[in-house]
Each structure stands twice: as C-alpha cells, then as structure tokens.
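>>> mind looking at a prediction? Sequence and model below.
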Amino acid sequence: MKQVYMDTLGCQMNVADSDRMELLLFHFGYSRTPHMEDADLILVNTCSIREKAEQKIFSLFGGIKSLKEANPGLVMGLTGCLAQQDGERLLKRIPCLDFILGPDHVEDIPLAVDRVLETKKPLVWNDFDNKKNYSIPPVTGQGRTNSHPSAFVNIIKGCDKFCSFCVVPFTRGREKSREANEIYDEVRAQVEQGAKEIILLGQNVNAYGKRGLKTPVAFHQLLYGIARIPGVKRLRFTTSYPGDVTQEMLAAYADIDILVNHLHLPAQSGNNRVLEAMRRGNTVEEYLALIETLKTRTPDIELSTDIIVGFPGETDREFEDTLRFMEQVEFSSSYMFCYSPRPGTPAAEFQDDVPEPVKKERLQRTIECQNRLTAMRGEKFLGKEVDVLIEGEINRQGTTLMKGRTPHYWQTHFPGTANRFQPGDFVKVRVEKVAGHALKGQAVVQ
Ligand code: 5AD
Ligand code: SF4
C-alpha cells in the first residue's frame with residue numbers, strides 16, 4: 001500500500017473531513033503513516049479562521065519542501081478553508097504544491113491525486129458545489145475500523161450568518177442540511193463499528209433542517225430520532241448559534257436522557273454594541289434568557305463558549321462587560337481569541353484599532369477569569385461520582401492513568417490499566433481533585 005501523511009489544523013469539521021479523506025484514500029490504496037518521510041502523499045488540511053492559523057501552514061510547508069526535492073514522485077496537496085480562500089494564489093506562494101482542494105471537494109480527493117499523478121500538472125478545485133442538498137455517500141467495502149468510542153457525524157455544512165468578523169460563510173458556503181435518513185444510517189454504522197457517543201457536527205448544527213430537506217426534519221426532531229437508535233449511549237453536538245436556539249431544542253435537554261448536559265454556545269462578547277458590530281443577531285439579554293430557561297429545566301447543565309477580545313472599537317468598558325457576562329453565566333470553559341482581521345469579511349473594513357498589546361492583555365484577563373470559573377465549576381464535582389466514557393490511557397511520570405470524559409465534557413483521569421478498562425467502557429469515578437480542566441479520582445468498584 002502507498003502511504004499518506006495528513007496534518008489537520010483548525011476545527012472539528014476539518015478533523016471530520018480529514019477522517020473522510022483518509023477513508024476514501026484507504027479505498028484508493030493509501031494507508032496512513034505518522035511519518036512524513038515515509039509518505040507518497042502529504043496532505044495539509046488547513047484553517048483560515050485567524051491569521052495565526054495561516055502562518056502555521058506556511059511554516060509547515062517551508063519544512064516539507066525538502067522532502068519533495070529528495071523524492072520527486074511525492075504528491076503534496078493542500079485542502080480546507082485556506083484552499084477555498086486563496087486557491088491559485090497558493091500555488092505561487094508554495095510552488096511545491098501539486099493540488100489545492102476546497103472543503104466542498106473532500107469527496108474528490110482520490111480523483112485529484114489520480115489526476116496529478118497522470119498529468120503531472122498542478123490543479124486547483126475550489127469552486128462551491130451549488131447543489132442545495134448535502135449528501136455524504138457511504139464508502140462500500142471494508143474501511144478502517146473506528147476504535148474511538150466517540151464518532152463525529154456531519155449533519156449540516158456551511159453558514160448563512162455572516163458575522164462581520166468571520167470567514168466561514170466565504171470558505172464553507174451556504175447552509176445545507178443532510179437528509180435525516182442518511183444521518184440515521186451513518187449513526188447506525190458508527191454504532192456497529194463500536195461508537196458509544198455520537199457528536200453531531202456542523203458550523204451551525206442548530207440551523208439544521210431550516211430549508212432544503214426533501215423530508216423536513218427540525219433539529220430537535222433529529223435529536224429525538226438519533227436518541228431512539230439502539231446502541232447510542234451519548235449524544236452531543238457542536239457548534240451552535242444563539243439565534244437558532246429553539247424552545248424545543250432546550251426542552252430536548254430535559255427530555256432526552258442520553259443528550260449530555262453540556263451546551264457549547266458561542267457568545268463572542270458580553271456587550272450589546274460590540275455584538276451588533278459583530279452582526280451576531282442577538283443581544284446579551286437574549287442570550288441570558290436562553291440560558292436561564294435551560295438552567296431552570298436542566299439545572300446541572302454545563303456551558304461553554306467562544307469569546308473574541310479586541311474587536312474593532314471595543315473599549316475597556318465594553319471589554320469589562322464581557323468579563324462580567326462570563327461570570328454571570330459561569331461558563332465551565334471557553335475558547336478565547338484576540339480579534340484577527342480576515343480579508344474579505346465586513347469587519348476587515350473597520351479600523352483594527354485596539355492595539356496588539358491591549359488585545360493580548362484583554363485575552364490574558366479573559367483566560368484568568370475563565371480559569372477561576374473552571375475551578376469553581378469543577379469543585380462542585382468533588383466527592384461526587386461521575387460517569388466516564390473511557391477514551392484510552394495516558395502515561396504520566398511512570399504511572400498509567402485512564403482518561404475519558406464525563407457527560408459534561410470534563411476530561412477525567414483515574415488510575416488503571418488497559419487490561420482492566422477498555423476504551424468505550426463506561427465507569428463511575430469518584431472525583432477527588434480538580435486540576436485545570438481535568439477531574440482526578442478513583443474508579444468506583446461495582
Ligand atoms: N478573529 C478572532 N476569532 C475569530 N473567530 C472567528 N473568526 C475570528 C476572527 N476573525 C472565532 C470565533 C468563532 C471561533 C470558531 O473562532 O469565536 O466562534
Ligand atoms: Fe462564523 Fe458567525 Fe457563521 Fe459562526 S455563525 S461560522 S461565527 S459567520
């Protein structure tokens with residue numbers, strides 16, 4: 001078999017796309033290698049959400065250029081959001097590249113490799129697939145076996161929201177939902193391969209079903225449908241959009257046992273003027289009202305969010321509002337970012353007037369605030385038993401620990417070895433300590 005080396009940057013959507021490309025390439029005669037030097041094909045699945053992600057890619061290709069010089073038969077491809085955004089231009093910047101595929105061309109990966117090998121000419125496929133529907137054809141025959149107990153299942157792609165700072169609507173195109181029956185089939189197949197937890201994936205999962213489906217199914221109905229599939233022990237989804245949260249979706253948390261009590265709901269800011277400039281489509285009060293409803297019906301819900309600091313025009317006071325807001329909601333974790341202007345987005349036209357050191361300082365304060373909140377949220381698990389889905393083991397300073405996650409998405413570590421605990425097992429762990437974002441404890445012998 002030939003060998004493919006893959007590097008994946010960015011979000012879980014990219015991780016899922018890379019998995020899919022790996023599977024398609026497997027059927028095309030390529031197995032995955034962790035060693036770049038052994039590869040016949042190198043793929044870098046890129047991200048363009050912030051400038052830092054882009055810089056990483058250019059330095060990565062700088063490092064692998066010499067491999068091509070040593071092995072002229074080596075094929076190198078760049079996929080993902082940067083491919084969509086910069087297309088042709090990337091060939092000039094990274095001359096060793098053989099092909100560039102946008103995210104709507106994941107399915108074409110074997111064809112692209114074949115074409116390059118045959119023609120020996122570089123190619124760029126980054127047009128959008130303008131079909132209104134979204135389908136992921138199953139790959140027939142034996143594939144890799146999924147040994148991870150959590151499986152990602154794409155349910156929707158693209159984004160129609162056009163938040164002023166965000167490049168996603170330009171790189172991933174319009175929202176398109178996948179037919180529910182196709183999703184159910186994939187969930188069943190994942191369970192057969194050993195998955196215990198299903199993670200529904202999309203830029204805006206809760207925009208699912210709003211239009212374009214042959215058989216209309218709303219997001220909450222999809223949740224109920226998946227929960228009925230035998231063998232699905234846990235269900236979660238990421239990422240969602242406040243404006244698409246419905247009362248029915250909130251009710252599902254209380255109704256569906258296997259739907260985890262964790263919601264990742266990006267807020268971005270805790271100030272209304274900034275939210276409006278970001279074109280988020282909701283106010284702080286609206287966000288808080290949703291959370292209030294959810295907390296009333298599902299008191300042990302854990303919340304996480306995304307925060308951007310240093311958006312154009314953000315004053316000290318407006319930034320302080322974000323800290324206050326984070327404390328009010330008591331997020332258990334956050335992804336926090338300095339604003340980074342993205343070419344082609346509306347906010348890129350605004351003056352990026354918050355100086356870099358101020359952005360950094362705000363980010364630092366946001367991180368400190370979140371660390372306090374994380375510790376606080378963690379403490380309430382002390383002395384309690386949590387349900388852990390085991391993912392594998394880790395070795396720390398000579399001792400072997402098992403690792404897994406609670407339904408609330410807390411990473412959990414406890415002593416044990418793989419001959420006693422298997423990935424995919426559920427175990428109760430009594431929590432003794434909170435260390436950063438992890439709970440530590442002992443397995444409860446039953
Ligand atoms: N600058 C900083 N952060 C950004 N994000 C998206 N675009 C930008 C940008 N231009 C963040 C948002 C989003 C997450 C995936 O990335 O918080 O929710
Ligand atoms: Fe980007 Fe906004 Fe769409 Fe999220 S909702 S992907 S932040 S445009």
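That came through, no problem. Ligands and ions are numbered 1, 2, ... in the order given.
>>> avg pLDDT for the helix or strand harbouring Lys403?
Lys403 is part of strand 399-405, with elements assigned from DSSP states H and E. Strand 399-405 shows an average pLDDT of 93 in the prediction.
>>> and the average pLDDT for stretch 412-430 is what?
Averaged across stretch 412-430, the pLDDT comes to 92.
>>> tell me which residues of it come out buried.
Thr412, His413, Phe414, Gly416, Phe421, Pro423, Gly424, Val427, Lys428, Val429, Arg430 (16 or more other CB atoms under 10 Å). For the C-beta atoms, the positions are set from N, CA and C on the backbone; glycine is no exception.
>>> helices or strands up against the helix or strand where the third one lies?
Following DSSP H and E, the helix or strand that holds Phe414 is strand 411-415. In this structure, strand 411-415 makes packing contacts with strand 385-396, strand 399-405, strand 426-435, strand 438-443, judged by 3 or more CB pairs under 8 Å, 6 or more residues apart in numbering; DSSP states H and E.
>>> show me how the chain divides into domains.
2-125, 150-379, 385-443 (automatic domain parsing).
>>> low-scoring stretches of the stretch 1-150 of the chain, by residue?
Applying pLDDT under 70 to the stretch 1-150 of the chain picks out residues 140-147.
>>> spell out which residues of the stretch 101-250 of the chain are next to ligand 1.
Phe165, Cys166 (CB under 6 Å from any ligand atom).
>>> can you list the buried residues in the strand holding Lys403?
Those buried within strand 399-405 under the rule 16+ other CB under 10 Å are Leu401, Met402, Lys403, Gly404, Arg405.
>>> indicate which one of the helices and strands packed on strand 411-415 is closest to ligand 2.
Among the helices and strands packed on strand 411-415, strand 399-405 comes nearest to ligand 2, with 23.9 Å by CB to the nearest ligand atom.
>>> quick one, what contacts Tyr208?
Going by CB atoms under 8 Å, 6 or more residues apart in numbering, Tyr208 touches Ile155, Ile156, Ser177, Gly202, Val217, Ala218, Phe219, Leu222.
>>> one more: Phe319?
Neighbour list for Phe319: Asn271, Val309, Gly310, Arg362 [criterion: CB under 8 Å, 6+ apart].
>>> count of residues packed around the nearest residue to Ile229 once chain neighbours are set aside?
Take Ile229 and drop its neighbours on the chain: the residue closest to it by CB to CB, 6 or more residues apart in numbering is Val187, 5.4 Å away. If you count neighbours by other CB atoms under 10 Å, Val187 ends up with 21.
>>> same question for the one 10 residues further on.
Counted by other CB under 10 Å, the residues lying close to Glu197 total 22.
>>> per-residue pLDDT of it, please?
Taking Glu197 on its own, its pLDDT is 97.
>>> could you measure from it over to ligand 2?
Distance, Glu197 to ligand 2, by CB to the nearest ligand atom, to the nearest Å: 24 Å.
>>> picking that back up, distance to ligand 2 added to the buried residues of stretch 412-430, as a markdown table?
Compiled in a markdown table, those are given as follows (distance: CB to the nearest ligand atom, whole Å):
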| residue | distance to ligand 2 |
| --- | --- |
| Thr412 | 29 |
| His413 | 32 |
| Phe414 | 35 |
| Gly416 | 39 |
| Phe421 | 37 |
| Pro423 | 31 |
| Gly424 | 32 |
| Val427 | 35 |
| Lys428 | 36 |
| Val429 | 34 |
| Arg430 | 38 |
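>>> let me know the closest of these to ligand 1.
Thr412 (25.3 Å).
>>> how about that closest one, what does it touch?
When contacts are counted by CB under 8 Å, 6+ apart, Thr412 is found next to Val386, Val388, Lys403, Gly404, Arg405, Thr406, Val429, Val431, Ala438, Leu439, Lys440, Gly441.
>>> so what's the residue nearest to Ile229 up against?
With CB under 8 Å, 6+ apart, Val187 has these contacts: Val153, Ile198, Ile226, Ile229, Val232.
>>> filter the contacts of Phe319 down to the ones in helices?
Among those, the members falling in helices (DSSP state H) are Arg362.
>>> would you show me how to pick out the buried ones of the contacts of Phe319 in PyMOL?
Buried members of these, defined by 16+ other CB under 10 Å, are picked up in PyMOL with:
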select buried, resi 271+309+310+362
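>>> need the contacts of Phe319 in TSV (columns: pLDDT).
Formatted as TSV, these follow (pLDDT from 0 to 100):
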residue	pLDDT
Asn271	98
Val309	98
Gly310	98
Arg362	98
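>>> adding distance to ligand 2, write the contacts of Phe319 out as CSV.
Listed next are the contacts of Phe319 as CSV, based on distance: CB to the nearest ligand atom, whole Å:
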residue, distance to ligand 2
Asn271, 17
Val309, 15
Gly310, 16
Arg362, 19
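>>> which of the contacts of Phe319 sits closest to Cys96?
Using CB to CB, Gly310 is the member of these that lies nearest Cys96, at 35.3 Å.
>>> tell me who's in contact with the closest residue to the closest one other than its chain neighbours.
Among residues not flanking Gly310 along the chain, Lys359 sits closest, at 3.4 Å (CB to CB, 6+ apart). Lys359 makes contact with Val309, Gly310, Cys338, Tyr339, according to CB under 8 Å, 6+ apart.
>>> what angle sits between the host helix or strand of Lys359 and strand 438-443?
According to DSSP H and E, Lys359 maps onto helix 356-379. Helix 356-379 and strand 438-443 meet at an angle of 20 degrees, taking axes from the mean of the first three to the mean of the last three CA atoms, to 10 degrees as the criterion.
>>> now helix 356-379, how far from the centre of its chain.
21 Å (CA atoms, centre = their mean, to the nearest Å).
>>> so who does the nearest residue to Asp321 once chain neighbours are set aside touch?
Spatial nearest neighbour of Asp321, excluding adjacent residues (CB to CB, 6+ apart): Asn271 at 4.0 Å. Contacts here follow CB under 8 Å, 6+ apart; on that basis Asn271 touches Val284, Glu314, Glu318, Phe319, Asp321, Thr322, Phe325.
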